[in-house]
Structures are given as structure tokens and as C-alpha cells.
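Student: Sequence and predicted structure, then a few things I'm wondering about:
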Amino acid sequence: MPVLASPVVTPSGLPGRPPFALRARLLTPLASGGTRHEPDGLLLVDAADRLEYVGPAAARSVEADDAIDLRPWAILPGLIDLHAHLPQLPNAGLGAGLDLLTWLERYIFPLEREFDETAAERLAPIAWQAFAAAGTTTALVYGAVYEASLDATFRAAEAHGIRAIVGKVMMDRTTYDPTIDPTTILDRSLRETADLIARWHGADGDRLRYAVTPRFAVSCTAELLRESAALAASTGAYWQTHISEDRGEIAEVARLFPEAQDYVDVYDRAGGLGERTILAHAVHLSDRELGRLVESGTRVAHCPASNLFLASGVMPLGRYVEAGLSVGLGRMSQAGRTSRSSRRCGSGSTPRTRCGPPGSGRAQCWHRSTGCGWAPWAAPECWASAMSPARSRSARRPTSSPSPRRSSRPSRERSTTNRRI
């Protein structure tokens, strides 16, 4: 029997705040693989702005009768972007074909130098709105080196309602901030990061989290890498950085860390590998490096648009996936396209950079864009658990992480008008 639509619902007729109920077709990838389609589904969001129920409308007939009926429209889970540099967004598209280190020095470091609190207050709300408008509801983001700009970025995320994991960039071997005393930069960066973790990791009902963020091995000493990894481990925060993006970078890392076997070993010696670590790019991994990342459970953010834009190389993604590496998609359109959608960046991949082994197709790109089965957090955007009747509501919430006691801050009223479910 065909599913008929109710009278057309315009965006102005959609709910602005929870709680609410939507009746529509439901389409979601599953953690075990494959896709689930509910031709007549129901999505309930409770007063705390969390998914209460996702599944067949027939199982909750009372709520379904009162729901806003969007059929035959479909509701999809939100996309997850594993790699973006918020301060760099104004430079999207500049520097095509430059090598990584030249691009950073010429375009990126001068831009980040100006990303103070005022700049963050101006750009961050626009950025979060753009993410959501493209269907991205979770983003793993790099900030700049300034603590105050990170506070502004988190405040904007809290006001918007997006799920965000953000980190202050840490650099002590080289830095673009001339005001920092080189003799105190390590201790200051660690102290500021710890303070940001205390304020924001687990804030807004665990919607906001912190990622300890040493930029990459070229700009960090071994001590900063080691201390930052220890800080992440002790607080339950994530640890994110870059790895093996281009050949010149790899050669420089080998020069700076002659004691290490390879690039992965630099981070391994620092204690940085593990299931709560996300390494961006990873274009040029050796067999040994690939095996070690798989063994340690480390996650990788694949950024195909950026890799092609900067001529960094082509990630052999099929090889990585077949080896068992956990790989998600990162937009990083500041080096490439301007789309805020990780799925669209995935669709722009060449045949050799698609989202899985040959023949996997667009379904695997979608699967990797929603985090089902691989994300380092329990992603509510992946409905695989929410659509299982055996799971309780609490099981569908994100996994709590040990975090230090946060200082009290006044609550901020948040609009959900522009958010994607």
C-alpha cells in the first residue's frame, strides 16, 4: 500500500524546540553493514533534546497519530565530519597545488595568527550554521593557539546545539604567536588545554567534548607530544593530530625525530595511539605503520578533497579498510572545496580514494560519514542502536568519559531551529 503524505509541511511548520515527534520514511546505515529503510517511521525527540525513539510508527501509534507527518520525505541520520580547521575556513580554495609546508607558512599561519576571541565570536556561529545546513551534526574541529578563541568557539557551539569536539592547537617547536615566551610555551599550552578541558569536556549534556590537539610532529617537541597524550588519557579527552600528509612533511619528521622508526612511531613513543585518537590524512602509511594503527585501535580521518587539492597524494583506502583500519571522512574544505558536507567530499573522491574496497560504492561513503560502527564515540547520529527495541534509552546516549569537575557557568538557551536530526 502506498504511503500518502499529509498536507505539505514547510520549514516554518517544523518544530523549533523539543520535545517533538516526526513521522516520515527513515533511512539509515547499520553498524553491522547494510541499510535499513522504514517506509513509515517515527522519530521522537524528548525535552532534553535526545532521541527517545526511532523506529516503525506502528509500534508507537499514539505518538505517531500526533506527530508532524513529513511523508513521503525521508529523515536520515546526521553526518559526522572528522577533520576541520575552523580558523582556516575564510581561506578555502587558496593555494592549490602547493606542498603542505609551504601552504601552511604562506596562507594558514598568518590567518590563524589573527584568530583571536573577537574573530572566533564572528566566525564560529556562521561555521556551525553552515555545518548543520549541509547535514553535518557532529564535527571534530581544530581551533587556533589562543585559549580565549576556543572559549568563544565552544560558546557558539553550545548556543547552536551542534555536537562538537574541539581542541586548541598546541605548538612548541614552532609557533605563529610572537607574543609567547619560548621558555614558557610548553607549560602554558598544557595549562591552557587543561583549563579548557575542565570547562568544556562533557559540557551541554555531554554534547560538547574536548580533543587535545598537538598540531603535528613538525611543530611539536617530543615532550609536548608525550605530555599532551598523557593529559588526554588522564582526563578522558580525545587526542587528534595529523600524520603522513605529504612526502616533504614525512621527510622533515624523520629529520626531527631520528630515533623513531617512522612517523607513526613518533606518536607511539609519545603514548598517543589508541581508540580515542584520530589522525588526519594518513596518505602515505607503510605496512608497519598501518599494522600498528590497526593493532592500537587508532582512528583515521580521510580527507580526499584536501589531499587532491594540495597534491599530497592519493590514500590507498581500499588497502587500509581491508587491513582493518577504522576510517571516517573529514571535509577539510579549507584546502579544497567549500562544501561543509563530509559526504559530498567523499563523493568527490577519485576511484582510488573511494570509501572502501572496489565495488563498495556510495553506500560505504554514507556509512563512513555517519560513524556507524567505527566512530570513537557512541554517535547518536547513527541510529543502529536506537532502532533496536532491546536497547534502553540510556544505552543510546553517548558514552560518558571521565572528566574533571567543570566550573559552573550560566546555562544558555539554545535554538534548535537550524539543527538537523
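Tutor: Looks like it arrived, so ask away.
Student: residues touching residue 289, list them.
Tutor: Applying CB atoms under 8 Å, 6 or more residues apart in numbering to residue 289 gives the contacts 244, 262-265. In this view, the C-beta of every residue, glycine as well, is placed from N, C-alpha and C.
Student: How about the secondary structure of residue 47?
Tutor: Put simply, residue 47 is coil when judged by DSSP: H, G, I helix; E, B strand; the rest coil.
Student: Backbone dihedrals for the residue nearest to it when sequence neighbours are not counted, please?
Tutor: Closest residue to residue 47 apart from its sequence neighbours, by CB to CB, 6 or more residues apart in numbering: residue 19 at 4.7 Å. Torsion angles at residue 19 (phi, psi; degrees, to the nearest 10) stand at phi -80, psi 160.
Student: distance of residue 19 from residue 63?
Tutor: Counting by CB to CB, to the nearest Å, the gap from residue 19 to residue 63 is 10 Å.
Student: Who are the contact partners of residue 119?
Tutor: 87, 149.
Student: Could you look up the SS state of it?
Tutor: helix.
Student: ok, now how distant is it from residue 193?
Tutor: 20 Å.
Student: Helix or strand with the lowest mean pLDDT in the protein?
Tutor: When each helix and strand of the chain is scored by mean pLDDT, DSSP states H and E, helix 342-347 comes last, with a mean of 41.
Student: thinking again about what came up before, now render the contacts of residue 289 as TSV, adding distance to residue 207 and pLDDT.
Tutor: Listed next are the contacts of residue 289 as TSV, based on distance: CB to CB, whole Å; pLDDT from 0 to 100:
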residue	distance to residue 207	pLDDT
244	32	93
262	37	98
263	33	97
264	32	98
265	35	98
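Student: Now, the residues you listed that are in helices?
Tutor: Among the contacts of residue 289, the members found in helices (DSSP state H) are 263-265.
Student: between those, which is closest to residue 77?
Tutor: residue 264 (31.5 Å; CB to CB).
Student: Which residue comes closest to that closest one once chain neighbours are left out?
Tutor: That would be residue 289: by CB to CB, 6+ apart, it lies 3.9 Å from residue 264.
Student: before we move on, what about residue 49?
Tutor: Spatial nearest neighbour of residue 49, chain neighbours left out: residue 18 (4.7 Å); criterion: CB to CB, 6+ apart.
Student: Secondary structure element holding that neighbour?
Tutor: Of the helices and strands defined by DSSP states H and E, none includes residue 18.
Student: Ok, residue 137 next?
Tutor: According to DSSP H and E, residue 137 maps onto strand 136-142.
Student: Following the chain onward from that strand, which element is next?
Tutor: Next along the chain from strand 136-142, counting by DSSP H and E, comes helix 147-160.
Student: Could you list every helix and strand in contact with the next helix-or-strand element following that following helix?
Tutor: Downstream of helix 147-160, the next assigned helix or strand under DSSP H and E is strand 163-167. When contacts are defined as 3 or more CB pairs under 8 Å, 6 or more residues apart in numbering; DSSP states H and E, strand 163-167 packs onto strand 136-142, helix 147-160, strand 208-214, strand 238-243.
Student: Before I go, just wanted to say thanks for your time.
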